[in-house]
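Peer 1: I need the structure of the sequence given here:
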Amino acid sequence: MQQNMLHTIATELNLNPKRVRAVTELLDGGATLPFIARYRKELTDSMDEVDIAAVRDARSRIEELKKRRESIIASLSERDLYAGELKHQIDAAPTLKELEDLYLPHRVKRRTRATIARERGLEPLAHLILTGAEDPTQAAGRFVKPEGGVHTTDDALAGARDIVAEHINEDPATRALMRKLFMARGQLESNVIKKNMEQGQKFSDYFAWTEKAAAAPSHRLLAVLRGEAEGFLKVSLRPPQDEAIATLQRHVGQKDKDNNRDQLCAAIEDCYKRLLAPSLETELRTQLKHQADAEAIQVFRENLRELLMAPPLGQKAILALDPGFRTGCKVVCLDQQGKLLHHDVIYPFSGEGRAMQAQKTIQELVKRFKIEAIAIGNGTAGRETQSFIAACTLTPAPIVVLVNESGASIYSASEIARQEFPTHDLTVRGAVSIGRRLADPLAELVKLDPKSIGVGQYQHDVDQTALKNSLDDTVVSCVNRVGVELNTASAALLSYVSGLGPQLAQNIVTYRDENGPFTSRAQLKKVKRLGPKAFEQAAGFLRIYTASNPLDRSAVHPERYSLVKQICADNGTSVAELMQSKERRSSIDLEKYCSADIGLPTLTDIMQELAKPGRDPRAQFEVFAFAVGIEKIGDLQAGLSLPGIVTNVTNFGAFIDIGVHQDGLAHISQLAEGFVKDPADVVKVGQKVIARVLEVDEKRKRISLSLRKG
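Peer 2: You can find the predicted model right below:
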């Protein structure tokens, strides 16, 4: 990589250039973010995944700038324009905006009003308007040429003003000045399109809205732009027009007593209204939208991370129910590895006879399959089904958990679900997904497009490519942080392991099906197309809990097995003994084993892994229960304090499930006793809270909540 590119990235991100070089070289060598962060700490000074991703993304932006510069140079060179001062400016332009400003006057473009005026010989008259060397109104008669399309002096002056307007618009210094004005003084204004007022009531807050554009919160900007896109709002992002034109006049140098005052003033006003304002408004929109997208994507990413890292119940025999009133409740029984053992349908809400039969079925299934936990989808009839299960008198009583079923229907119809359960219908697949989410949320949720999980903010309005890339990074980070059991993981889960991907993941599953469970990490090398690089990247994140080598159960990378054996030999112990004895581990002088490619960070990680091999970083599972007797929005009243679970965090507050089939909203002002700048600072998705009901609007299905004490 070019030295100046490394310097640019290091300066932009305030990082040591050596660290930036190390990261870029590792990325160029095919290393993944999790692998670099976990196993190459000495090279990067223990940079985390966030900083490593920032280097990767900065490099991509610089590469885009480089490609655009090369394209512009090629265009200019074809016309012999890439020379002199312009060449120097093009080569030195540090940003895409500055590069485009320099190129704008030389861009190959369609014929404009100014182009036509030049063809009619009006450029000298335009020069007079700009300089005031001669009164342009008196000189205009010399440019009247009916045969050339200039019939009157007014035609001549109008054409000359078009040339002046375009000249001002294409001046880089002018655009830079006005760009700053738009950012500093631009106003976000939205007004209702009256003919669509009735249909657009959900945007009624913005029917007559004005605020400083640069200060507008991301969620409000995205809401306004959505209202515009749906045809309910007319939106403007401009500074006060009089101020903008006055600024432009001062910059151009128009003075009250100049010969050219009136013509130049008219040209400046035309330039602003027709050319500069629309162009810079588009730029401002793009910039603010990009910033709003980044904030919304950050919110989505953090919410998704909390959801994926939710505590797992673990390997338990689970009975899962997908509730329903008229169509009944779909019931499945899963073994401790999540394998489907049995499925049925019960009708607890279709009369006393069917309810009694449903109760008997549940009792028999719990006994037959030695059920340890019951998972109930939290959608329609969820609370009612929970009450039904509570009345079943099960012995021994399994734990009962309401499970967020968002996206389960999408999984049911997916190709992954069809491959897993080719002979079962959608309802069975959905119930299985609910049960598996309780056992291991991460392993099940990776089968879904993250956008379908429902923890975003204006997710359909943001840049979809940026959103996908960010969410994919998040899923990869979570999967590799937790680690994956090689012998039980689905292809979907394995595909997110560092260095694998869908094809290698499927090859691993195929090998496992044909040859039985893996007995060692080294056996991975026998998998079709899984070469040395993929093994290097993936092995440390894969676990084999039944392996004879205890290191295969840990996050210690195979490349360090020989080092661990050397440490054991030097200290007269075995790997197993070292894992079991804190005293033996603490007696080891790690500095003795530092070398050119391994330092204390990696050695410390190894010791921590030996202390808790394959440790799961997720929290311990805790059973949660909603308030008894509060099952629908009609049961609520102001003042009630109820247990709830945070289901989504946005920039304006948090949505909380209190068990009534409709999430309530705790506005940012109601999240804590003091001032809250960012809701994510005080609440997380999946967090258990006590929420106080402030207001209930049953007709509009709106519940206002507070987490403040009073």
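
Peer 1: where along the stretch 251-400 of the chain do the helices fall?
Peer 2: 261-270, 277-308, 352-368, 382-390 (DSSP state H, counting those that start in this stretch).

Peer 1: brain fart, the stretch 501-650 of the chain
Peer 2: Counting by DSSP H, counting those that start in this stretch, the stretch 501-650 of the chain has helices at residues 502-515, 532-538, 561-570, 575-580, 582-586, 600-611.

Peer 1: so what does the fourth one touch, helix or strand wise?
Peer 2: Read it as helix 575-580. helix 561-570, helix 582-586, helix 600-611 (3 or more Cβ pairs under 8 Å, 6 or more residues apart in numbering; DSSP states H and E). Any C-beta I mention is one placed from the backbone N, CA and C, and that applies to glycine too.

Peer 1: ok, and what's touching that helix?
Peer 2: Outside helix 575-580, the residues that touch it by Cβ atoms under 8 Å, 6 or more residues apart in numbering are 549-551, 564-565, 567-568, 571, 584-585, 610-611, 613.

Peer 1: Just name the closest of those residues to G353, please.
Peer 2: The nearest member of the contacts of helix 575-580 to G353, counting by Cβ to Cβ, is P613 at 54.0 Å.

Peer 1: And the protein, what are its domain boundaries?
Peer 2: 3-106, 118-296, 318-439, 502-611, 633-706 (automatic domain parsing).

Peer 1: Need the ones you listed in TSV (columns: mean neighbour count, distance to V479 and mean pLDDT).
Peer 2: TSV is the format used below for the domains of the chain (neighbours: other Cβ atoms under 10 Å; distance: least, Cβ to Cβ, whole Å; pLDDT from 0 to 100):
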stretch	mean neighbour count	distance to V479	mean pLDDT
domain 3-106	16	8	91
domain 118-296	18	23	93
domain 318-439	19	15	93
domain 502-611	16	8	94
domain 633-706	18	17	93
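
Peer 1: now for these, which one comes closest to T474?
Peer 2: Among the domains of the chain, domain 3-106 sits nearest to T474 (Cβ to Cβ), with 9.8 Å.

Peer 1: tell me how far the closest one is from the chain's mean position?
Peer 2: 22 Å (Cα atoms, centre = their mean, to the nearest Å).

Peer 1: now do stretch 324-338
Peer 2: 32 Å.

Peer 1: So in that sheet, which strands flank the host helix or strand of K234, and in what orientation?
Peer 2: Element membership for K234, per DSSP states H and E: strand 233-238. The strands beside strand 233-238 in its sheet (DSSP bridges) come out as strand 187-192 (antiparallel).

Peer 1: Identify the residues contacting the partner strand?
Peer 2: In contact with strand 187-192 (Cβ under 8 Å, 6+ apart) are residues 200, 203-204, 206-213, 216, 221, 224, 227-228, 232-240.

Peer 1: that older thread, arrange the domains of the chain in TSV, one row each, with distance to G456 as further columns.
Peer 2: Output for the domains of the chain, formatted as TSV (distance: least, Cβ to Cβ, whole Å):
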stretch	distance to G456
domain 3-106	19
domain 118-296	7
domain 318-439	11
domain 502-611	24
domain 633-706	8
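
Peer 1: Select, out of those domains, the one closest to E485.
Peer 2: Going by Cβ to Cβ, the one of the domains of the chain nearest E485 is domain 502-611, 5.2 Å.

Peer 1: What's the end-to-end length of that closest one?
Peer 2: 33 Å (Cα to Cα, to the nearest Å).

Peer 1: ok, now stretch 78-87?
Peer 2: 13 Å.

Peer 1: Out of the domains of the chain, which gets nearest to R481?
Peer 2: Short answer: domain 3-106, nearest of those by Cβ to Cβ, at 7.4 Å.

Peer 1: which stretches of the stretch 301-450 of the chain form strands?
Peer 2: For the stretch 301-450 of the chain, the strands defined by DSSP state E, counting those that start in this stretch occupy 318-322, 329-334, 340-346, 373-377, 399-403.

Peer 1: export the ones you listed to CSV and tack on distance to G501?
Peer 2: Converted to CSV, these look like this (distance: least, Cβ to Cβ, whole Å):
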stretch, distance to G501
strand 318-322, 30
strand 329-334, 28
strand 340-346, 27
strand 373-377, 31
strand 399-403, 29
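
Peer 1: For L13, find the nearest of those.
Peer 2: strand 399-403 (40.4 Å).

Peer 1: Please name every helix or strand in contact with that closest one.
Peer 2: Against strand 399-403 (3+ Cβ pairs under 8 Å, 6+ apart) you get strand 373-377, helix 382-390, helix 426-439.

Peer 1: so which of these comes closest to A117?
Peer 2: Nearest to A117, of these and by Cβ to Cβ, is helix 426-439 at 66.1 Å.

Peer 1: got the contact list for stretch 477-486?
Peer 2: 33-34, 38, 49, 305, 308-309, 442, 446, 493-494, 496-498, 508, 512, 518, 521, 524, 541-545, 555, 614, 616-618.

Peer 1: to the chain's geometric centre, what's the distance from it?
Peer 2: That offset, for stretch 477-486, works out to 20 Å (Cα atoms, centre = their mean).

Peer 1: Contact partners for the residue nearest in space to the middle of the chain?
Peer 2: Closest to where the C-alpha atoms of the chain average out (Cα atoms, centre = their mean) is I297, at 3.5 Å. The contact partners of I297, by Cβ under 8 Å, 6+ apart, come to 462-463, 466-467, 470.

Peer 1: what do you get if the cut-off is 7 Å, keeping everything else the same?
Peer 2: I297 makes contacts with 462, 466-467, 470, as judged by Cβ atoms under 7 Å, 6 or more residues apart in numbering.

Peer 1: Please identify the helix or strand for the closest residue to it other than its chain neighbours.
Peer 2: Using Cβ to Cβ, 6 or more residues apart in numbering and skipping the chain neighbours, the partner closest in space to I297 is S470 (4.9 Å). In this structure, S470 sits in helix 464-482 according to DSSP H and E.

Peer 1: ditto for I116
Peer 2: Per DSSP H and E: helix 113-119 holds I116.

Peer 1: Tell me how far that helix lies from the chain's centre.
Peer 2: With Cα atoms, centre = their mean, you get 47 Å for helix 113-119.

Peer 1: how near is G324 to Q363?
Peer 2: Using Cβ to Cβ, to the nearest Å, one obtains 20 Å as the distance from G324 to Q363.
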